[in-house]
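>>> Build me a structure from this.
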Amino acid sequence: QVQLVESGGGLVQAGDSLRLSCAASGRTFSNYAMGWFRQAPGKEREFVAAISWSGRRTYYANSVKGRFTISRDNAKNTVYLQMNSLKPEDTAVYYCAADSVSRTITAGTRAAQYDYWGQGTQVTVSS
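Numbering: from 1, shown residues only. Predicted coordinates for the structure are as follows:
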């Protein structure tokens, strides 16, 4: 069983930065690929970023590439999402997810590839 707890969301202005954190329980966190997804009101959940278990491979949605950075600290069982140059269209609930099954050197970009999810943290960007 893996529990994920996100933090770091909030209300910011366009152009500001935020760093989201996702703390994971469990001794095998370092074996899991991790991802961040988001869901805006009235929209489907969408992929934001993912990182392989080693941290060597990262993946980003085109809409956030160059602005967001995903990273992980396996010693702290934590994955981060640094969000810079935020835009109003980044407003959403952001979810952390863990893939405890695949055990590959890559990380998935589809929600169906992840089997554990956090409760989400709200990010609101005002114009």
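
>>> Can you name the residues in contact with whichever helix or strand Val79 is part of?
Assessed by DSSP states H and E, Val79 sits inside strand 78-83. Contact with strand 78-83 is made by 17-24, 34, 36, 48-49, 51, 64, 67-73, 90, 94, 96, 123, as judged by C-beta atoms under 8 Å, 6 or more residues apart in numbering. In short, each C-beta sits where N, CA and C put it, glycine included.

>>> What are the buried residues along that strand?
In terms of neighbour count (16 or more other C-beta atoms under 10 Å), strand 78-83 has its buried residues at 78-81, 83.

>>> what's the spacing between that strand and its chain's center?
For strand 78-83, the separation from the chain centroid amounts to 7 Å (computed by C-alpha atoms, centre = their mean, to the nearest Å).

>>> center of this protein, which residue is that?
Nearest residue to the geometric centre of the chain (C-alpha atoms, centre = their mean): Trp36, 2.2 Å.

>>> State the distance from that one to Ser127.
From Trp36 across to Ser127, the span is 23 Å (C-beta to C-beta, to the nearest Å).

>>> Type out the ChimeraX command that picks the buried ones from the contacts of strand 78-83.
One line in ChimeraX is enough to select the buried ones among those; burial here means 16+ other C-beta under 10 Å:
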select :18,20,21,22,23,24,34,36,48,49,51,64,68,69,70,72,90,94,96,123
